[in-house]
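Student: sequence and predicted structure below; questions after.
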Amino acid sequence: MAREFGLTADEWGNVLSIMGRTPTLTELGIFSVMWSEHCSYKSSRVWLKTLPTTAPWVIHGPGENAGVVDIGQGLAAIFKMESHNHPSFIEPYQGAATGVGGILRDVFTMGARPVANLNALRFGAPDNPQTRRIVDGVVRGIGGYGNCVGVPTVGGEINFHPAYDGNPLVNAMTVGVARQDRIFLSAAAGVGNPVVYVGSKTGRDGIHGATMSSAEFDEDALAKRPTVQVGDPFVEKLLIEACLELMATDAIVAIQDMGAAGLTSSSVEMAGKGGVGIDLDLDTVPQRERGMTAYEMMLSESQERMLIVIRPDRTEQARAIFEKWELDFAVIGHLTDTGHIVVRHQGRVEADIPLEPLAEQAPIYRRPTSPTPAPAPLGPLTDPVGIEQALIRLIGCPDLASRAWVWNQYDSTVGGQTVKRPGAADAAIVRIEDTSLGLALTTDCTPRYCKADPRTGGAQAVAEAWRNIVATGARPLAITDNLNFGSPEKPEIMGQFVAAIEGMGEACRALDFPVVSGNVSLYNETRAPDGSTLSILPTPAIGGLGVLDDVSRAVGLSMPADAALVLVGATR
C-alpha cells in the first residue's frame, strides 16, 4: 500500500522508524502527501537553494505562500506562479480553473487583494486530436474562473509542440497588493488558540491530487478524474472578501490556504513552522458528503477553503464575518505544546505524528545528472522560398499566429485598473488604485532554447522577462518561477534541471532580479504507444514583476506614423 501511495522502500522504512509502529491508514496518507515530490521538493530542494532570493526591496522570499516585494508608498506586491499540469490533462476545464483558484488563495492569504492573473500555457501539436479538447477546456477554465471571481487576466504565453501532446503545461500566476504593515504569515503560535476552518465544505474531490501530480502518466491517466478538484469562483470571491474583512481586524494569528494535500498540508505546515502541536477534531469539519472517513477528510483537496489560527477573544467576531458572507465557519481544533499533529474522528485517534521528523526527515535527494549534449552546428544558411514566402509561412505557424482568440475570452479589464491589455505592450501594465504606481507583469520562456542548451535557455528566460519589463518603462524587481521538467529519476532530465537552475541564477545575479517564490513540477512525462516514456521540453517558466513610479509614463507597442526607428544594442 505504501508503494501504491508513492513511497519507496527506504521512505517506508523511515516512516516505521519515526512512528515506532505500523502507521494507520490516515497516518500513511499524511506521510505520502507530505513526502510527495509535489509537496516536499525532494529532488529539487538542494538546487533551489542556490538561487538568489534577497535584495533590499524583498520583504519575504521563498518559504511563505507567495513572494513579497516593496513597491513604494508603503505598499507591497505579493505574487507567485504554480502549476496544474496533470489535472489539466485529465479534466482540462476544472484543472485549469482550480489552478487559477489555488494561486489566487496563495496571494490573498497573505493579506493582498489580487489585482492581476497571468498564465503560461504549453500544448501538444495542433494536429493531435487531443490538443483541441485540451486547449478548449483549459482556455475556458481560465476564463471561467478568473472572469467570475473578478480578477483581470492581463498576460501570458502559449506554445505548441508535440512534446506536450500527453502532458500540457498550465502555469497560473497571480499578483496582489497589500499594505506593508498588514502582511499575514502562516506560522501558528499560541498554545490553546483555536484552529478555524472557513470557506466551502469538504468533499471527496481531489483526494491524492498531490501524489498524482508527483508521478508519470500512463495509458490509464484519464481514469484519474476523481483526483481533480472542482472549483466555484463565486465562492472564491466571497472567500476573498471575507478574509480581507477579517484581516482588517487584529483577530488573525496565522492563516494558510488549503491547497495541495488540503487539510493535511495546511495544518502540518502551520504548526510545523510555528514549532507547536495541533489537535484536530474531524467531527466538526463541514462536509458535503455523508460517511467521510478521517483519511478522506485529511487528504481531500476540495477548493475554496482556508485554515486560520485565531485569537480566542475574536472567534465570534470572525464567525459573524464569515456567516455574513454565507461561508462555513467551524472551530475544528486547537494548538498544543506536544509537537504532534493529532487527528480525532468519532471518538478515535486516527493519527498521532511528531511534526519535527515529519518535516526534518522528509526525503532529500541529490539525484544523478548527465550533461545535455551540445547541439550540432547549423548548416549554411539558404533562402529556398524567398523572404516574402518565408514571412507568410512564419506568421501562419502555430508559434507566431495571433493569440487574440485566446485572450479575448479573458476579461482583462475588470476592476478598471488595466493600463496595457494583452497585445498592447511587452508586459501587461496594471495601475495601483489611488496611487501613481503601476505594475509591469510578464511570463516568459523559450523551451526549445532550453532543450538545446538548458543553462543558456534558463538564463535567456530570465533575461527575456527582464527586457519585457524594461521595455514598458518599469523597473524590474523580482521573479517567480515554475520549473516544468520530466522525470528527475532520469540523469539526462535532472541534468537539464540543474543546468537551467544554474543559468537562471547567473542571470538573476547579473540583473539584480531575485527569485522570491515559485513552484517545481516534475514527472511531466507520458507513455508512448510503444511503451516508451516521453518527456516534455524543459520549461522553466519565469513570471517577472516590475514597478513604474508614474504609471502614466508606461510605454506600449503602438507608434505614430512619424516615429523614428532606432536599433539599440549589438547585432551580428
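Tutor: It's in. Numbering: from 1, shown residues only.
Student: what about residue 356, neighbour count?
Tutor: The tally of other residues near residue 356 (other Cβ atoms under 10 Å) stands at 12. In this view, the C-beta of every residue, glycine as well, is placed from N, C-alpha and C.
Student: helix or strand: which one has it?
Tutor: Using DSSP states H and E, residue 356 sits within helix 355-360.
Student: try residue 141
Tutor: Here residue 141 is assigned to helix 129-149, by DSSP H and E.
Student: check which helices and strands that helix sits against.
Tutor: helix 85-90, helix 92-108, strand 113-123, strand 153-160, strand 169-179, helix 233-247 (3 or more Cβ pairs under 8 Å, 6 or more residues apart in numbering; DSSP states H and E).
Student: quick one: the helices in the stretch 201-350 of the chain?
Tutor: 209-212, 233-247, 262-274, 294-299, 315-324 (DSSP state H, counting those that start in this stretch).
Student: tell me how far the closest residue to residue 403 other than its chain neighbours lies from residue 441.
Tutor: Once flanking residues are discounted, residue 403 sits nearest to residue 158: 5.7 Å by Cβ to Cβ, 6 or more residues apart in numbering. Here residue 158 is placed at a distance of 16 Å from residue 441 (Cβ to Cβ, to the nearest Å).
Student: the two: which is more packed in?
Tutor: residue 441 (30 against 18).
Student: dump the residue contacts of the more buried one.
Tutor: Residue 441 is in contact with 116, 118, 154-155, 173, 175, 427-430, 543-545, counting by Cβ atoms under 8 Å, 6 or more residues apart in numbering.
Student: and it, bridged to which residues?
Tutor: residue 428, residue 545 (DSSP bridges).
Student: and the residue nearest the centre of the protein?
Tutor: Residue closest to the average C-alpha location in the chain (Cα atoms, centre = their mean): residue 82, at 1.4 Å.
Student: residues near residue 469, how many?
Tutor: 28.
Student: could you do residue 448 as well?
Tutor: So residue 448, with other Cβ under 10 Å, has 13 neighbours.
Student: that one reaches residue 536, doesn't it?
Tutor: No - counting by Cβ atoms under 8 Å, residue 448 does not reach residue 536; the two are 11.9 Å apart.
Student: ok, back up a step: so the residue nearest to residue 403 sits against residue 131, correct?
Tutor: No - proximity of residue 158 to residue 131 does not meet the contact threshold set by Cβ under 8 Å, at 11.6 Å.
Student: and for these two, which residues touch both?
Tutor: With Cβ under 8 Å, 6+ apart as the test, residue 158 and residue 131 both reach residue 123.
Student: ok, residue 49 to residue 131 distance?
Tutor: Distance from residue 49 to residue 131, by Cβ to Cβ: 37 Å.
Student: who has more neighbours out of the two?
Tutor: residue 131 (19 against 10).
Student: ok, that one - contacts?
Tutor: Residue 131 neighbours (Cβ under 8 Å, 6+ apart): 123-125, 160, 165.
Student: check those residues and tell me the two furthest apart.
Tutor: Within those, 160 and 165 form the most distant pair, 9.9 Å apart (Cβ to Cβ).
Student: overlap in contacts, the two.
Tutor: Contacts common to residue 160 and residue 165, judged by Cβ under 8 Å, 6+ apart, are 124-125, 131.
Student: for the residues you listed, give me a markdown table that also has pLDDT and distance to residue 246.
Tutor: Shown next, in a markdown table, are the shared contacts of residue 160 and residue 165 (pLDDT from 0 to 100; distance: Cβ to Cβ, whole Å):
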| residue | pLDDT | distance to residue 246 |
| --- | --- | --- |
| 124 | 95 | 43 |
| 125 | 93 | 48 |
| 131 | 95 | 43 |
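Student: list the beta-bridge partners for residue 170.
Tutor: With DSSP bridges as the rule, residue 170 is bridged to residue 121.
Student: could you check how many residues crowd around it?
Tutor: Considering only other Cβ under 10 Å, residue 170 is surrounded by 31 other residues.
Student: kindly report the same for residue 436.
Tutor: 14.
Student: where does it land on pLDDT?
Tutor: According to the prediction, residue 436 has pLDDT 97.
Student: setting aside sequence neighbours, what's the nearest residue to it?
Tutor: Nearest to residue 436 is residue 550, by Cβ to Cβ, 6+ apart, at 5.3 Å.
Student: determine how far the last residue of stretch 48-66 lies from the first.
Tutor: End-to-end span of stretch 48-66 (Cα to Cα, to the nearest Å): 15 Å.
Student: nope, stretch 440-453 is what I was after
Tutor: Stretch 440-453: ends 28 Å apart by Cα to Cα.
Student: buried residues in that stretch, which are they?
Tutor: Judged by neighbour count (16 or more other Cβ atoms under 10 Å), stretch 440-453 contains these buried residues: 440-447, 449-453.
Student: cool, stretch 37-57 as well?
Tutor: In stretch 37-57, counting by 16+ other Cβ under 10 Å, buried: 37-44, 47-48, 51-53, 55, 57.
Student: what do you get for stretch 528-535?
Tutor: Result for stretch 528-535 [16+ other Cβ under 10 Å]: buried residues 534-535.
Student: so for it, what's the average pLDDT?
Tutor: The model assigns stretch 528-535 a mean pLDDT of 82.
Student: quick one: contacts of it?
Tutor: So stretch 528-535 is contacted by 163, 165-166, 216, 485-487, 490, 493, 524-527 (Cβ under 8 Å, 6+ apart).
Student: send the alpha carbons of that stretch over as PDB?
Tutor: C-alpha atoms of stretch 528-535 as PDB (Å, rounded to 0.1, in the frame of the first residue of the first chain):
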ATOM      1  CA  ALA A 528       4.000   6.500 -25.900                       C
ATOM      2  CA  PRO A 529       2.000   3.700 -27.800                       C
ATOM      3  CA  ASP A 530       5.200   1.600 -28.000                       C
ATOM      4  CA  GLY A 531       5.500   1.700 -24.200                       C
ATOM      5  CA  SER A 532       8.400   4.100 -24.100                       C
ATOM      6  CA  THR A 533       8.300   7.300 -21.900                       C
ATOM      7  CA  LEU A 534       8.400  10.700 -23.500                       C
ATOM      8  CA  SER A 535       9.400  13.900 -21.600                       C
END
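Student: if anything else comes up later, I'll come back, but that's it for now.
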